[in-house]
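[1] Here is a sequence together with a model predicted from it:
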4 protein chains.
Amino acid sequence: MRSDSKKVTFTQAARRAQIVTAAIEVIAEIGWAQTSIRKIADRVGVAMSAVLYHFGNKDNLVDAIIEEMYRSALAAVAPAIQAENTSAGKLAAYIRANIAYFDSHRTQLAALAQLGAGYQPTDGRRFDELGMTEELREELAILDPNSILVAGQQDHEFGDFAVGSMSMALRGAVNAVVEKILREPDFDAHAYGEDLVDICSRVVAVQR
Amino acid sequence: MRSDSKKVTFTQAARRAQIVTAAIEVIAEIGWAQTSIRKIADRVGVAMSAVLYHFGNKDNLVDAIIEEMYRSALAAVAPAIQAENTSAGKLAAYIRANIAYFDSHRTQLAALAQLGAGYQPTDGRRFDELGMTEELREELAILDPNSILVAGQQDHEFGDFAVGSMSMALRGAVNAVVEKILREPDFDAHAYGEDLVDICSRVVAVQR
Amino acid sequence: MRSDSKKVTFTQAARRAQIVTAAIEVIAEIGWAQTSIRKIADRVGVAMSAVLYHFGNKDNLVDAIIEEMYRSALAAVAPAIQAENTSAGKLAAYIRANIAYFDSHRTQLAALAQLGAGYQPTDGRRFDELGMTEELREELAILDPNSILVAGQQDHEFGDFAVGSMSMALRGAVNAVVEKILREPDFDAHAYGEDLVDICSRVVAVQR
Amino acid sequence: MRSDSKKVTFTQAARRAQIVTAAIEVIAEIGWAQTSIRKIADRVGVAMSAVLYHFGNKDNLVDAIIEEMYRSALAAVAPAIQAENTSAGKLAAYIRANIAYFDSHRTQLAALAQLGAGYQPTDGRRFDELGMTEELREELAILDPNSILVAGQQDHEFGDFAVGSMSMALRGAVNAVVEKILREPDFDAHAYGEDLVDICSRVVAVQR
DNA sequence: GATGAATGAGTGTTCATTCAT
DNA sequence: CATGAATGAACACTCATTCAT
C-alpha cells in the first residue's frame, strides 16, 4: 500500500513539474494574457483536463509556478551572498549573483514579469503571498539588500546614507536588468553589474 | 459652418477623452487582463458599441490611452528639467519631477504598468511604438537622464563614472517608486526622492 | 416650388444612381454576405446614413439594384431578338445576345448571382418579385426562350421536341456561362455561344 | 481498451454527423447568410460551444459539410454510370442519376447552392478545394460528362460536335433542375430528365 | 491517473437602424 | 440634403471549469 502511494506521488510530482515547466515557457513566450490551460497542456502533450486534474484550478497552477521560481532564484543567489564575509563583499555578491541569475534564466524571468503584472488571484491574496510558505518567506529575507546595508552601517564598514531608500533604489537598479534584457537580448548584463558594484561602492563609502 | 464643424470636433474630442479617462481608471483598478471594452463603456455610461464607434477597435483605444499618458507625463516633467541651468540641477529636477508625477498620478501609472506588461498589439508593432508620433518621440528624449549625465561630464561639472549604466540604474531606481506606491499607498515618495538626489550626487561628484 | 422640387429630384436621382452603381461594384467584388451599407457609402464617398436617407433601408436598396440590372439586361438583349424575323434567327440572337451581355457585364453579373443566392428580403416577397413592376415583367417576357421555341414549332420552322424542357435546358446552358466566366476570366464565351447555337440548331431541326 | 477507443471515436463521429446534418438543414431553410453556429447548435439541441468544440471554427464545419455532400452525391451517381457499357448509356445514366439525386436530396442541394454562392473561406482556398481530399477529387472526375462525351466520340459511337461546349451546356442544363425544383417543388424533374436524354441524343447522334 | 465531451460566461467586432441637427 | 452619434442585437470564438467514465 505504502509503496503504491509513494510511486503514485512520484509520478504525480514529475507530471506536476513537467506542467509547471511548460507553463513557464508558454507564459514567457506568448505572455500571461494569451496563456490558457489548453496551450500549456498542448505543450506537455496531455489533455487540458489533465492539467486541471493535477492542480484543481488555474490559481493553484500559478501558485506552483511562482513557488518554483522563488526556489530557483533562492538556490542561485543565496549561497553566493553567504559565501562572503564582509558587507561590501555581500553587497557586491548580491548585485552580481542577481544579475547573473537574471541573465541566465530569461525564460523564468519573462514569465515572472508577466505574472507579476498581469495575474490577479481570484481569492483576495496579494501577489507576494502567492506560492509562499512561511519557511520560504524566511529564506527569501536573505535576498533583501536592506539587511546587508544595515549590517554594513552598524559595524562602520559603510558610511552614512539613507539605508531604506538606498535598498529600494538598488533593487530598482538591479531589476532594471530584467526589462532591458527582455527588450535587448544582446545587452551586456555582466558589464552593467560591474558598473553597478562600482556605483554602489561610492554611495556606501565612508565619507572623509 | 466653421463653428459648426468645430463644435462637432469638440464634442467628439470630449467623448474620446471621456472614454480614455474611464479606460485608464478601469485598467488601473482591475488590471489590463480583466479589462474589457464593455466594462469601460459601462463606466462611461454608454453602450459598448459607442466605444467602438469612436475608436474602431481595441488597439486604437490603447493607442489613444498611451498617447494621452505620454503627453501628460511630458507636460509634467519636461518644464521642471528645462527650468534648471546646471547639470546637477537638471539631474535633481529629473528625479524630483518624475517621482512627484508618479506620486500624483497613481491611476495613470498603474494603468501604464498594466499595459506595458500585458498588452500586445494585434499588428506587429512593439509597445514603444504605440501612441507615438515622431514629434512626440523627440520631445520624450528630454526625459532621458542619459543626456543630462553626458552633458554634466562634458563640461566637467560631473566626475568620472559609467554614464550608460548609471543612467539605466537611475531609471530603475526612479521606476521602483511605481511598484512601491502601488503596493504601499502611504509610502513617502517625496522623502525617497530627496534621498535619491543625495545618493546620485555622491555618484556623479568629482572625485578628489 | 416646382423648379425646386425638380432640381431636388434630379440630384436625388443622380445620387441614387451613384449609390446603386457603387453597391453593384461592392457586391461583385466582395460578395453579398460581406457587403454592408457602410462599405457602399465609403465607395461613394458619403456617410453611411446618406445611403439610408435615399433608400430608407437595405431592402429598398436591393430593390433598386435589381431593377437597374433588369433594365440594363433588357436594353441589351431585347433589341437583338426583335431585329430578327425567323424563329431560328431569334433563337440564335437570344443565345448570342445573352452571352455577349454576360461577357461584357461581369460586374453586374457577379452582383446579380450574389444577390440571387444570398439575399432574402425581410418581407415575404420571393426573389423574382424584387425590383419588379408590372410593366417590367411584361417586357421581360420577351427574354424567355420559350416563346421563341413555341412560335418556331407553330409555323413549322422547327421540328418536334419537348419545348418546355428545351427552353429550360437552354436557359441553364446559357446561364452556365456566368459561373464559368466568374471562375475563369479568360474563358472564350463567344466561341461557346457559337457552339451553343450549333447544338441548338440540331435539336430544333425538322427531323427527316 | 480497443473497443473503448472505438466507442469514443464512434460517439464523436456520431455527434459530428448529427451537427453536419443539422447544419445542412438550417442552411437549406434560411440560407447561408442567415445561418449562424448558434442556430445550428439550437437545432441539434446543444450549446453553441459544443459545435465549436467538435469543429474548431466555422470554416472547418463548412469543410465537413461539403465533404459530406460530395460523398453523398458520389455514392448516388457514380454506380449508375459505371453500370452502363455504351457511351450513350453512360450519358443517359449521367443525366438520369443526377436529376434523380437532385430530386431526392433537395435539402442538401439547397444547402450546397447556398454555400457555393455565399461562402468565402477565411483562408485563401477557393470553393472547389473545400472538403476535398486527393482521393475524393479523383473519384469526382467520374461525374464529369466531358469524359463520357470524349470516349463516345473516340469509338465513333457519337458523331461530330463541340465536346467541351456540349459538356458545359449539359452541366448547365442538368443544374438548372436545382433552381427549378427549389422554386417549384412540384416540378416533374423525372420528365425533364427524359426530355434531356432525348435532346442530348440528337446532339451527339452521328449525322448522316 | 487521465480523458473527451460539454457548457456558460465573456470577448471583440460588425451591422442596420434611429435620431437630433 | 446629409451627417455624426449612438445603440442593441447578433456574430464567431476563447476560456476555465465540471463531470462521467
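    Arrived safely. Numbering: from 1, shown residues only, chains lettered A, B, ... in the order given.
[2] For the longest helix belonging to chain A, list every residue counted as buried.
    Counting residues, the longest helix found in chain A (DSSP state H) is helix A:2-30. In terms of neighbour count (16 or more other C-beta atoms under 10 Å in any protein chain shown), helix A:2-30 has its buried residues at A:15, A:16, A:19, A:20, A:21, A:22, A:23, A:24, A:25, A:26, A:27, A:28. C-beta coordinates here come from the backbone N, C-alpha and C atoms, glycine included.
[3] same for the lowest-mean-pLDDT helix or strand in chain A, what does it pack against?
    Within chain A, no helix or strand scores below helix A:2-30, which has a mean of 78 by mean pLDDT, DSSP states H and E. The contact analysis (3 or more C-beta pairs under 8 Å, 6 or more residues apart in numbering or on different chains; DSSP states H and E) places helix A:2-30 against helix A:37-44, helix A:48-55, helix A:58-82, helix A:106-118.
[4] just those helices: most buried one?
    helix A:106-118 (a mean of 20; mean count of other C-beta atoms under 10 Å in any protein chain shown).
[5] As CSV, the helices and strands packed on helix A:2-30 with mean pLDDT and distance to DNA strand F would be great.
    CSV is the format used below for the helices and strands packed on helix A:2-30 (pLDDT from 0 to 100; distance: least, C-beta to the nearest atom of the strand, whole Å):
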stretch, mean pLDDT, distance to DNA strand F
helix A:37-44, 94, 4
helix A:48-55, 93, 4
helix A:58-82, 90, 4
helix A:106-118, 88, 12
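[6] Which one of those lies nearest to chain B?
    Chain B lies closest to helix A:106-118 among the helices and strands packed on helix A:2-30, at 3.2 Å (C-beta to the nearest C-beta).
[7] which helices and strands does that closest one pack with?
    Counting by 3+ C-beta pairs under 8 Å, 6+ apart, helix A:106-118 packs on helix A:2-30, helix A:58-82, helix A:163-183, helix B:106-118.
[8] ok, then the element right after the third one?
    Okay, so that is helix A:163-183. Next helix or strand after helix A:163-183 toward the C-terminus (DSSP states H and E): helix A:189-204.
[9] Helix B:163-183 and that following helix, what's the angle between them?
    80 degrees (axes from the mean of the first three to the mean of the last three C-alpha atoms, to 10 degrees).
[10] Mind checking the pLDDT average for helix A:189-204?
    On average, the pLDDT along helix A:189-204 is 93.
[11] Extract the C-alpha trace of that helix and format it as CSV.
    What follows is helix A:189-204, C-alpha atoms only, in CSV (Å, rounded to 0.1, in the frame of the first residue of the first chain):
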residue,chain,number,x,y,z
ALA,A,189,24.4,42.4,-18.2
HIS,A,190,27.7,41.4,-16.7
ALA,A,191,29.3,44.8,-17.5
TYR,A,192,26.3,46.6,-16.1
GLY,A,193,26.6,44.5,-12.9
GLU,A,194,30.2,45.5,-12.5
ASP,A,195,29.3,49.2,-13.1
LEU,A,196,26.6,48.9,-10.5
VAL,A,197,29.0,47.4,-8.0
ASP,A,198,31.2,50.4,-8.5
ILE,A,199,28.4,52.9,-8.3
CYS,A,200,27.2,51.4,-5.1
SER,A,201,30.6,51.4,-3.5
ARG,A,202,30.7,55.1,-3.9
VAL,A,203,27.4,55.6,-2.2
VAL,A,204,28.2,53.4,0.8
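[12] distance between that helix and the chain's centre?
    When C-alpha coordinates are averaged (C-alpha atoms, centre = their mean, to the nearest Å), helix A:189-204 and its chain have centres 21 Å apart.
[13] Need the contact partners of that helix.
    A:88, A:91-92, A:95-96, A:99-100, A:102-103, A:149, A:152, A:158-159, A:161, A:166, A:170, A:173-174, A:177, A:180-181, B:161-162, B:164-166, B:168-169, B:199, B:202-203 (C-beta atoms under 8 Å, 6 or more residues apart in numbering or on different chains).
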